[in-house]
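1. Just need the structure, nothing else, for what follows:
(chains A, B, C and D)
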Number of protein chains: 2
Amino acid sequence: MTGDDTFDIAPDWLDGETKVLEAPHDHRAELRLWLRLLTCSTLVESEVRRRLREEFDSTLPRFDLMAQLERAPDGMVLGEVSKRMMVSPGNITVLVERLTESGHLSRTTLPTDRRVQIIALTPFGRGEFEKMAARHADWISDLFAGLAPNDGGVLMDELAKLKRSIVASLAKGA
Amino acid sequence: MTGDDTFDIAPDWLDGETKVLEAPHDHRAELRLWLRLLTCSTLVESEVRRRLREEFDSTLPRFDLMAQLERAPDGMVLGEVSKRMMVSPGNITVLVERLTESGHLSRTTLPTDRRVQIIALTPFGRGEFEKMAARHADWISDLFAGLAPNDGGVLMDELAKLKRSIVASLAKGA
DNA sequence: GAAAGAAATTTCAAGCTTAAAATTGTTTTG
DNA sequence: CAAAACAATTTTAAGCTTGAAATTTCTTTC
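-> The predicted structure follows:
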């Protein structure tokens, strides 16, 4: 799934008119595209993880969790965090435990519904997050710096289309 | 890092001529692009993991490992697999153990250098992999089906540029 | 040819992740 | 109002992942 993104096959969007009748549809172009997307994503993600660890002794999941909370000054319900981060609820439990121990997060049980946990950044947690977020933005900026302004815009648009395609396909399959 | 891809800020490639003097460079457009890329990647990856588990009781790392071996009929050295998959050597050790137990892989010590382990798909492993690979290609094809042929081509090109940017940045930083 | 150095792998400790089962608490229904 | 249904979260078991330390096996150098 990761790797060097080569499936050494000619892309076939270039000759869309030929060989449409091939037995089952030839999926190689899509596969190639997917591998390339994954390669980019993996490279960036690894680098971000590495730097979070080296510069802040932290991890990407923790950073992500704090990023969600940063924009919710009044805190957020666990389930909501889980949905936004697209990870399992059990996962959030563990992350919140650690971040609460380390003083980054506060957690409260909602008085009117004692099933509900609300978590929020502490002032300390917010300060730490802001330091990390600033560096994080620099890292991403550096990694993307070789992209011409126009390419950035095109990529945004194309990825929006891809996202729509993915979401539509997932909805249909569900 | 994951999530709904919204940082609700106007992209600033659209007005590149204005506000160039802003104190530290404004990184929001790059961040937005990165989040969108990550969202696409996460959605596809989760779906692939889910289906590998449901249809084959397997995992993505195992699939990836077998995919590397499929194209090396004479097998491959562990270290080479590790590099190609961009994961740590220790990780490969564990995966190979399981896949060898289950009969998908064979492993041999190189007679001329007993440090070196060579792994290869067994005929059984190859058969299993081919079934998975066919389905995998279908899934990706479905997920990307909403993309016009032209968009696929553009995306390939833009991602190639992005990858060059990332690799260049990583090389410079190293 | 022994000792030092380098290379390929494995082991280890710690953390992330998930799905499924279990808990705890609230709401709806007969 | 008790029982059933539902909801939010935690626990559990299993697997993935990493960096660093340890092993084993060559290779090079004095």
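
2. quick one: stretch A:112-121 near DNA strand D?
-> Yes. If you take C-beta under 7 Å from any atom of the strand as the test, stretch A:112-121 does meet DNA strand D, through A:115, A:116, A:117, A:118. No exception for glycine: its C-beta is placed from N, CA and C like everyone else's.

3. and for stretch A:163-174, what are the contacting residues?
-> With contact meaning C-beta atoms under 8 Å, 6 or more residues apart in numbering or on different chains, stretch A:163-174 is reached by B:5, B:36, B:39-40, B:43-44, B:47, B:142-147.

4. Kindly report the same for stretch A:151-160.
-> With C-beta under 8 Å, 6+ apart, stretch A:151-160 has contacts from A:144, A:147, B:11, B:13-14, B:29-30, B:32-33, B:36-37, B:40, B:151, B:154-155, B:158-159, B:161-162.

5. I'd say residue A:81 and residue A:120 touch.
-> No. Under the criterion of C-beta atoms under 8 Å, residue A:81 is not in contact with residue A:120, lying 10.7 Å apart.

6. Can you pull the residues that touch both of those two?
-> Common neighbours of residue A:81 and residue A:120, using C-beta under 8 Å, 6+ apart, are residue A:69.

7. all helices for chain A, in order.
-> Assigned by DSSP state H, the helices in chain A fall at A:28-56, A:60-70, A:78-85, A:89-101, A:123-143, A:149-173.

8. In JSON lines, list those helices along with mean neighbour count and mean pLDDT.
-> Below are the helices of chain A laid out as JSON lines (neighbours: other C-beta atoms under 10 Å in any protein chain shown; pLDDT from 0 to 100):
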{"stretch": "helix A:28-56", "mean neighbour count": "19", "mean pLDDT": "93"}
{"stretch": "helix A:60-70", "mean neighbour count": "21", "mean pLDDT": "95"}
{"stretch": "helix A:78-85", "mean neighbour count": "18", "mean pLDDT": "94"}
{"stretch": "helix A:89-101", "mean neighbour count": "15", "mean pLDDT": "94"}
{"stretch": "helix A:123-143", "mean neighbour count": "17", "mean pLDDT": "95"}
{"stretch": "helix A:149-173", "mean neighbour count": "17", "mean pLDDT": "92"}
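
9. re earlier: of the residues of stretch A:112-121 next to DNA strand D, just say which sits nearest to residue A:95.
-> residue A:117 (12.6 Å; C-beta to C-beta).

10. List the residues that contact the closest residue to that closest one other than its chain neighbours.
-> Using C-beta to C-beta, 6 or more residues apart in numbering or on different chains and skipping the chain neighbours, the partner closest in space to residue A:117 is residue A:78 (4.8 Å). Counting by C-beta under 8 Å, 6+ apart, residue A:78 touches A:89, A:92, A:93, A:96, A:116, A:117, A:118, A:119.

11. and DNA strand C, which of the residues you listed reach it?
-> residue A:89.

12. Dump the contacts of residue A:78 to TSV, plus distance to residue A:173.
-> Below are these laid out as TSV (distance: C-beta to C-beta, whole Å):
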residue	distance to residue A:173
A:89	23
A:92	26
A:93	29
A:96	31
A:116	32
A:117	32
A:118	34
A:119	33
